[in-house]
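# give me the fold of what follows.
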Amino acid sequence: MRKDSSLKNTSSPSFIKLAMRNMVSKGNQSLIHFGLTFFGFILFIVVIAILGRPNLPA
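Have a look, this model is predicted:
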């Protein structure tokens, strides 16, 4: 019984490769979504920092 070596070569690509291929095919839309996510995250961190600052007496 000989194992078929072609099964190893036709394995499905990894999720990262699929995500990169999808990002390249969508192009500008992916960059816009990444930018919105980045600025939203920065805004979230700033709001949490403002709300969480201690109130020290002067």
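
# now do the longest helix along the chain: everything it contacts.
If you go by DSSP state H, the chain has its longest helix at helix 28-51. Outside of helix 28-51, the residues within contact range by Cβ atoms under 8 Å, 6 or more residues apart in numbering are Asn22, Met23. Bear in mind the C-beta positions are built from the backbone N, C-alpha and C, glycine included.

# list the buried residues in that helix.
Under the neighbour-count criterion of 16 or more other Cβ atoms under 10 Å, helix 28-51 has nothing buried.

# pLDDT below threshold where in the protein?
Along the chain, the model assigns pLDDT under 70 to residues 1-10.

# center of it - which residue?
Nearest residue to the geometric centre of the chain (Cα atoms, centre = their mean): Phe34, 7.8 Å.

# how close does that one get to Leu43?
15 Å (Cβ to Cβ, to the nearest Å).

# Met23: how many residues sit nearby?
Residues contacting Met23 under the criterion other Cβ atoms under 10 Å number 14.

# name the nearest residue to it, sequence neighbours excluded.
Ser30 (4.5 Å; Cβ to Cβ, 6 or more residues apart in numbering).

# no more questions from me, cheers.
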